[in-house]
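> Predicted model and sequence follow; I will ask about them next.
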Amino acid sequence: MGLFLSSSLVYKVTQFIITSLLAARGPVPDKRECAKKKWRAFGAVGKLHNVVKYICGSPQRWEGYSIIRDKLQNEAGKKLNIPVMHNDTRWGSVIDMVGYALENRVHFDMYCRDIKELQEDRLIDQDWIDLDAVYYYNFNLTR
């Protein structure tokens with residue numbers, strides 16, 4: 001006569017063991033948070049990447065940014081562009097993203113001001129100076 005265990009009991013015991021092992025290991029790092037930290041290591045360009053990725057990350061965020069952009073567009077009396085998300089394999093697309101951000105600094109500052117998730121990636125004055133230097137240096141290289 002062998003020992004018979006129901007499948008639900010085996011499932012519950014297995015789930016308990018796995019949960020216990022994971023709890024002993026500590027919290028599992030979030031992939032998105034790891035990616036944001038990796039980009040932040042690139043300084044102002046990395047912080048800008050995280051902001052643009054956040055804006056483009058969902059229709060609701062895009063709509064929130066668009067409201068600010070449309071309001072400023074009406075005040076300026078001219079058509080304003082949309083944020084450019086770069087392609088990881090092309091440096092030129094990063095420069096396009098930086099160029100867009102420099103032209104639309106007011107939008108980024110207004111949008112990021114009250115968003116808790118962007119607190120670490122908020123661009124300060126020194127970051128804008130660094131972005132300007134990156135853009136100027138690349139502009140002179142390509143001339």
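Arrived safely, thanks for sending.

> make it CA atoms for all contacts and neighbour counts henceforth
OK.

> How about the contacts made by the residue nearest the centre of the chain?
Centroid-nearest residue in the chain: residue 50, 2.6 Å away (criterion: CA atoms, centre = their mean). Applying CA atoms under 8 Å, 6 or more residues apart in numbering to residue 50 gives the contacts 36, 39-40, 121.

> In JSON lines, list these along with pLDDT and neighbour count.
Shown next, in JSON lines, are those (pLDDT from 0 to 100; neighbours: other CA atoms under 10 Å):
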{"residue": "36", "pLDDT": "87", "neighbour count": "18"}
{"residue": "39", "pLDDT": "86", "neighbour count": "18"}
{"residue": "40", "pLDDT": "88", "neighbour count": "18"}
{"residue": "121", "pLDDT": "92", "neighbour count": "21"}
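
> Helices - which of these land there?
The helices, defined by DSSP state H, take in 36, 39-40 from the contacts of residue 50.

> Using TSV, lay out the residues you listed together with distance to residue 46.
TSV is the format used below for the ones in helices among the contacts of residue 50 (distance: CA to CA, whole Å):
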residue	distance to residue 46
36	8
39	4
40	5
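
> where does the chain dip in pLDDT?
The chain contains residues with pLDDT under 70 at 1-7, 9-11, 21-29, 76-92, 139-143.

> Thanks a lot, catch you later.
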